[in-house]
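*Asks:* predicted model, plus sequence, below.
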Amino acid sequence: MEQSDIPVFIGTGNDNQPVTTKITSINFVRLLNSIKIVPTKETPIHIFGLLSRQGALEAYECEGSMTSAAIIAFIDDFLASRTQRTAIVLDNAPIHKSYEFQEAMNRWKEKDLFIFFLPT
């Protein structure tokens, strides 16, 4: 399967059937064929993804509520494989603004990982 033929699940349609699309020019890291997320009301699944300028995706899955602690753990894991200065751009979700997250940002700066936020 070529990169341009990788199907990626993007949600459910009006009939609650999975909807997929093909993504081109993206090199998925640790991803062979597709990402499939089947949402249920019982156990919500959240994905935190980091996409490089070269198109490499690093994705982390969280069952249940996404918390500051989960995001910090995901970024810590991501940082462990980094060897160069890195910037991450995030939205202004409350979990990205918590005290614990702000403390982690200070620690990450020392390791050349910088967090920026989208304008509000």
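*Replies:* Sure, I can see it.

*Asks:* ok, longest helix in the protein?
*Replies:* helix 68-80 (DSSP state H).

*Asks:* could you give the mean pLDDT of that helix?
*Replies:* Averaged across helix 68-80, the pLDDT comes to 93.

*Asks:* give me the contacts around it.
*Replies:* By Cβ atoms under 8 Å, 6 or more residues apart in numbering, the surrounding residues in contact with helix 68-80 are 48, 50, 58, 60, 62, 86, 88, 95-96, 98, 100-101, 104, 108, 111, 113. Any C-beta I mention is one placed from the backbone N, CA and C, and that applies to glycine too.

*Asks:* with adjacent residues omitted, what lies nearest to Val89?
*Replies:* Among residues not flanking Val89 along the chain, Phe116 sits closest, at 4.9 Å (Cβ to Cβ, 6 or more residues apart in numbering).

*Asks:* domains for the protein, by residue range?
*Replies:* Using automatic domain parsing, the domain parsing of the chain gives 1-66, 67-120.

*Asks:* worst mean pLDDT among those domains?
*Replies:* Taking the mean pLDDT of the domains of the chain, domain 1-66 comes last: a mean of 59.

*Asks:* for the closest residue in space to Arg85 that isn't next to it in sequence, what are its contacts?
*Replies:* Leaving out its chain neighbours, the residue that sits closest to Arg85 by Cβ to Cβ, 6+ apart is Asp112, at 4.3 Å. Going by Cβ under 8 Å, 6+ apart, Asp112 touches 82, 84-86.

*Asks:* which helix or strand contains Ile47?
*Replies:* strand 45-51 (DSSP states H and E).

*Asks:* show me which positions of that strand end up buried.
*Replies:* Buried positions in strand 45-51, judged by neighbour count with 16 or more other Cβ atoms under 10 Å: 48, 50.

*Asks:* parallel or antiparallel, list what pairs with that strand.
*Replies:* Sheet pairing here is set by DSSP bridges, and for strand 45-51 it gives strand 57-63 (antiparallel).
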